[in-house]
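# I'd like to go over a predicted model; first the sequence, then the structure.
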Protein chains: 2
Amino acid sequence: MIFMKGGICSAKGFLASGVHCGLRKNAEQPDLALIYSETPCTAAGVFTKNIVKAAPVLLDIERLSSGEAQAIIVNSGNANACAPGGKENALRMAKAAADALNLSQEKVLVSSTGVIGQPLNIAAIEKSVPDAVASLSAQGSHNAALAIMTTDTIEKEVACQFEINDTIVHLGGIAKGSGMIHPNMGTMLCYITTDCAISAPLLKKALKDAVDVTFNRVSVDGDTSTNDSCIILANGLAQNETIVEFGEEYDVFFDALKEICKQLARKIASDGEGASHLITCTISGASTEKKAEQIAKSIISSSLVKTAVFGGDANWGRIICAMGYSGEEMDPNRIQIAISSYAESLIVCKNGCGIDFDEEQAARIFKEKEILISADIGEGDCYATCWGCDLTYEYVHINGDYRT
Amino acid sequence: MIFMKGGICSAKGFLASGVHCGLRKNAEQPDLALIYSETPCTAAGVFTKNIVKAAPVLLDIERLSSGEAQAIIVNSGNANACAPGGKENALRMAKAAADALNLSQEKVLVSSTGVIGQPLNIAAIEKSVPDAVASLSAQGSHNAALAIMTTDTIEKEVACQFEINDTIVHLGGIAKGSGMIHPNMGTMLCYITTDCAISAPLLKKALKDAVDVTFNRVSVDGDTSTNDSCIILANGLAQNETIVEFGEEYDVFFDALKEICKQLARKIASDGEGASHLITCTISGASTEKKAEQIAKSIISSSLVKTAVFGGDANWGRIICAMGYSGEEMDPNRIQIAISSYAESLIVCKNGCGIDFDEEQAARIFKEKEILISADIGEGDCYATCWGCDLTYEYVHINGDYRT
């Protein structure tokens, strides 16, 4: 598997664009993205578990029951959630794209992201759809990645190629996500394309399982949004023998998909609102992977751990405290905790008790952009990794006045 | 029921003190509190549900199985949690107080609060215990309230008197709690005294039920600490007929206890680390009180709601979003949301959809210290209120560098 450029256009037959339709004030900022495959695709999606779901999420869930799609239209600047006329506007958005692309409406999926509760300016979107279609190109991934951003500070794009039985296959993705991020299905917008030939049921299974161990292990602020969506389109143009059952070919595809999702998940955590550090937390020595995951999630979700990392304070007491209220059983007297960078590692707690450590070494570790928190609970050999970020003044600044 | 001064010394026969033993750097800051009843008490406590429990918590749980106690010694500046020699130090702390007060060790309870994982300077405490005993007085509640503070900016003290069958009874409490506060048993340190005569089993039941609807409905930052403790001592000196069964007398006592706990809980939320607003959130129209409580907790725990309140931004989309991921079922189309002060009320969402509202009125409401968020889910007639605070730059500042 080799990483490459091209994002969602790295796979054969996929075009994308990002244009400005006017939902966001800055005219330089694209706010309408279009993703299109020249041929029909099998398709799958995972969506927010929030009871309050935005209109486009409800529409996509309905449409994906067919396992087919060919285009996705996405706006930023407005979530089309809890807003008057939400369903109708989502349908109109899909219809505008379908008409301009000469597709049946059912083949078009829709996403929105931005402020909740305000009416969507559907006229502005409809007016710009022809422009989005005219702008479609095999170099359009980057503009699409820009157009789905809200408070993100960098676009999130990744792609790779790998071989299935000597056939070269491509897989790429774009994502947005910076605030309102918490491990509970999807947790952001993400679009993945592949030219792999794979049946709809297996595509769905692969996406769900990949999301579970990647996007669902990221937390920025503990809030699960109304609009979280992760959608994959597979058009089969790589011409590998269609994957229709579990086995070696499926495994190769699944591993690549997991890696793409992991790279995007890390980018989301790293670009968490106001973040100055990426926190990678691994719990080991657990009796089950699920348990390790729950404990790691508790740590990356703790406001006190997050502020300590921001302050460069090796206050591991907050880490063991967050482990203790994770809801999982464990023997506190077996807990061992280390705080590390990729260059060096510092053990701060053994057998549940603090040990003397070198504060200068701790200070050196906190100078790195990525901080590794690892803890072993000494009861088994399962482990899991979750990703988060620190809590900074900038988070408060960004979210204290988001609507204006 | 009349509120009065005197805190934990308002009840007959209770003395308290707060002295400086040296665990906190500032010599002006008392850091060792002693609470003493001149006669034996029935006693009860509720404690953190965190798996990782500090040594004094484990000791108190054991000692309270007798339902009796006569004194409580508390230090701030060090949590005696995950620290070498924790159990031994907790025992020594109790013994020092017991010896100086001429009590059996089993009658003394112990609490600690402060940094986790560092060895407790027990020698400093032992040296100061005679001073704490010599300082005991019926005017000592305020000093005790000061001595248990950590990042609290104001002491938390409340007292009342009421009648049980024409006998005057007193009830008072002190509490500390500012960060690491989340609804899950106790959530802080709190000591309550009463001269009411009540059996140990009923005292325990009353305390647990009162804590459930007050302290367990407060969140500052989502972190449940290793040391949370709420302890009540009842010495019977009011000479009412001892309450030994449920009935009118029990109800009068319970209502007063609930009110004292509620006042202290509100003080904790209001003094949340860095808080500039107290958030009082009431969910109504629920099919059960538990459901209303869960939804309200989800709102007061949301970082995005908290930053919006800090920013004075009536971004109710974040409120409905937090309701949606509360884990409770509801029909989004029936949700109604209002943001209010005690002077005026602003409906911002009807039938799950945003409605036009007056931004100037919203701005006026956010100028108040206490913001009321109320939502009705239109399915029943149960309701619950929870308390929280906003998330500010100051929270990040306080917690970015707590140990130094």
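Perfect, thanks for sending it. Residues are numbered from 1 along each chain as shown, chains lettered A, B, ... in the order given.
# Run through the residues that contact residue A:379.
Neighbouring residues of residue A:379 by C-beta atoms under 8 Å, 6 or more residues apart in numbering or on different chains: A:285, A:286, A:287, A:330, A:331, A:334. The C-beta positions use only the backbone N, C-alpha and C, and glycine is treated the same way.
# Burial check on residue A:230, number of neighbours?
28 (other C-beta atoms under 10 Å in any protein chain shown).
# May I have the phi/psi pair for it?
Note on residue A:230: backbone dihedrals following degrees, to the nearest 10 are phi -130, psi 120.
# Quickly list what it is bridged to.
Beta-bridge partners for residue A:230, by DSSP bridges, are residue A:46, residue A:190.
# What does the pLDDT read for it?
On the pLDDT scale, residue A:230 is placed at 93.
# likewise the one 5 residues further on?
Predicted confidence (pLDDT) at residue A:235: the value is 98.
# I'd guessed it sits against residue A:41; true?
Yes - the criterion here is C-beta atoms under 8 Å, and residue A:235 meets it with residue A:41 at 4.6 Å.
# neighbour count winner among these two?
Neighbour totals were compared for residue A:235 and residue A:41, and residue A:41 leads with 27 against 22 (other C-beta under 10 Å).
# you'd agree the more buried one is up against residue A:71?
No - using C-beta under 8 Å, residue A:41 makes no contact with residue A:71, being 9.1 Å away.
# packing partners for the lowest-mean-pLDDT helix or strand in chain A?
Lowest mean confidence among the helices and strands of chain A (mean pLDDT, DSSP states H and E): strand A:218-219, at a mean of 80. Strand A:218-219 sits against helix A:248-270, helix A:289-301, strand A:382-389, with contacts defined as 3 or more C-beta pairs under 8 Å, 6 or more residues apart in numbering or on different chains; DSSP states H and E.
# got the angle for the longest one vs strand A:382-389?
Here helix A:248-270 runs at 40 degrees with respect to strand A:382-389, directions being taken by axes from the mean of the first three to the mean of the last three C-alpha atoms, to 10 degrees.
# Pull the residues that contact the helix or strand that comes right after helix A:248-270.
Using DSSP states H and E, the helix or strand that directly follows helix A:248-270 along the chain is strand A:278-286. By C-beta under 8 Å, 6+ apart, the surrounding residues in contact with strand A:278-286 are A:266, A:269-270, A:292-293, A:295-296, A:299-300, A:305-306, A:309, A:323, A:334, A:369-390.
# filter the residues you listed to the buried ones?
Using 16 or more other C-beta atoms under 10 Å in any protein chain shown as the burial test, the contacts of strand A:278-286 include A:266, A:269-270, A:292-293, A:295-296, A:299-300, A:305-306, A:309, A:323, A:371-378, A:382-390 as buried.
# so which of those are also by chain B?
Among the buried ones among the contacts of strand A:278-286, proximity to chain B is found for residue A:323 (C-beta under 8 Å from any C-beta of the partner chain).
# got the helices and strands packed on strand A:218-219 as TSV, with mean pLDDT columns?
Output for these, formatted as TSV (pLDDT from 0 to 100):
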stretch	mean pLDDT
helix A:248-270	94
helix A:289-301	94
strand A:382-389	93
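# Nearest to residue B:213 among these would be which one?
When those are compared by C-beta to C-beta, helix A:289-301 sits nearest residue B:213, at 25.5 Å.
# tell me the mean pLDDT over whatever helix or strand comes next after that closest one?
Next helix or strand after helix A:289-301 toward the C-terminus (DSSP H and E): helix A:303-310. Averaging pLDDT along helix A:303-310 yields 91.
# Now the closest residue to chain B within the stretch 101-250 of chain A, what are its backbone angles?
The stretch 101-250 of chain A approaches chain B most closely through residue A:116 (2.5 Å), counting by C-beta to the nearest C-beta. Phi and psi for residue A:116, reported as degrees, to the nearest 10, are phi -90, psi 140.
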